[in-house]
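Asker: Sequence and predicted model, in that order:
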Amino acid sequence: MSEKKVAIITGASRGIGKACAIELAKAGYDIAVTYAGNDEAANKTVSELKDIGVNAKAYKFDVASEEACCENVAKIHEEFGRIDVLVNNAGITRDGLFIRMNAENWNAVINTNLNSAFYMTNPVSKIMMKQREGAIINMSSIVGVMGNAGQANYSAAKAGLIGFTKSLAKELGSRNIRVNAIAPGFIQTDMTKDLDTEKIAEHIPMKKLGQPEDIAKAVKFLAVDGLYVTGQVLGVDGGLVV
Ligand code: NAP
């Protein structure tokens, strides 16, 4: 069994998750990359991680399935030997005004963005409790803090992650397991590629969108350096929410 530290990052084939995987690999962590279906992107991420010099493997499963999460956490634990960091990052949007929002779009977003955190964290926290150490980072959003018209489902899921983070920090602190959230602002990834970036930038105090690496550096801080930080929601948003 490897004694190197191990991080699981959900939704690490692309975007913010991929940047987090690269940042933690640079800090020496072996990485379990999880993703939904984009094999090409996941394989590319794994090969970039291996080039950094760490062990990395991709696991394809739907984070909205409790059974799949439990099975894959067990597999990752068996194959990597330990789990030190969990980044609950995988997420989707199904935007639309609330009066036109159907239950399918509500449930898809709640299941993928919020219930997934329960499905992943439940088995991982048991492993971390035995290790008496661990760090869990939940990818929330500024809209979980301030709400957003057209994103009632997504805002509810992201706000739910904040309550989840604070409660779990209180339950797991005595076991040396820290639980924090990050609330990114507008970050340039596939998720935001159809937005009018120039118009959005005008409303951001720093007058620019963020990059996935900006979030990855915050994840690295919460995972590796912030050893007395738990239950916090770290805004990384160019000053949008102050
Ligand atoms: P992205 O570029 O769209 O990437 C999404 C990632 O999640 C991909 O790796 C995708 O896998 C995976 N994924 C999606 N649904 C999944 C499922 N059901 N099961 C397993 N994996 C799944 O998104 P992003 O912009 O990097 O966002 C990452 C996180 O940050 C999300 O939680 C998002 O809500 C949050 N966030 C983003 C922004 C922003 O401005 N971008 C702002 C605030 C918060 P495949 O590649 O296989 O599809």
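Answerer: Great, that's in hand. Residues are numbered from 1 along each chain as shown.
Asker: How about the contacts made by the spatially closest residue to Glu23 that is not a sequence neighbour?
Answerer: Closest residue to Glu23 apart from its sequence neighbours, by CB to CB, 6 or more residues apart in numbering: Ala216 at 3.8 Å. No exception for glycine: its C-beta is placed from N, CA and C like everyone else's. Ala216 makes contacts with 16, 19-20, 22-24, as judged by CB atoms under 8 Å, 6 or more residues apart in numbering.
Asker: per-residue confidence at Ala216?
Answerer: Per-residue confidence (pLDDT) for Ala216: 99.
Asker: Likewise for Glu3?
Answerer: 73.
Asker: same question, Glu78
Answerer: So, for Glu78, pLDDT stands at 98.
Asker: before we move on, what SS does it have?
Answerer: Secondary structure assignment for Glu78 (DSSP: H, G, I helix; E, B strand; the rest coil): helix.
Asker: again, but for Tyr59
Answerer: Applying three-state DSSP: Tyr59 is strand.
Asker: show me what contacts Ile200?
Answerer: Ile200 touches 186, 209, counting by CB under 8 Å, 6+ apart.
Asker: start at 395 instead
Answerer: OK, 395 is where the count begins now, so the last one is Ile594.
Asker: ok, it to the ligand distance?
Answerer: 10 Å (CB to the nearest ligand atom, to the nearest Å).
Asker: What about the contacts of Ala610, which are in helices?
Answerer: Mapping the contacts of Ala610 onto helices (DSSP state H) picks out 410, 413-414, 416-418.
Asker: And these, which is closest to Ala458?
Answerer: Ile410 (18.4 Å; CB to CB).
Asker: correct me, but that closest one touches Ser534?
Answerer: No - contact criterion CB atoms under 8 Å: Ile410 and Ser534 do not qualify, at 11.8 Å.
Asker: just to revisit the earlier point, and the contacts of Ala610 near the ligand, which?
Answerer: Ile410 (CB under 6 Å from any ligand atom).
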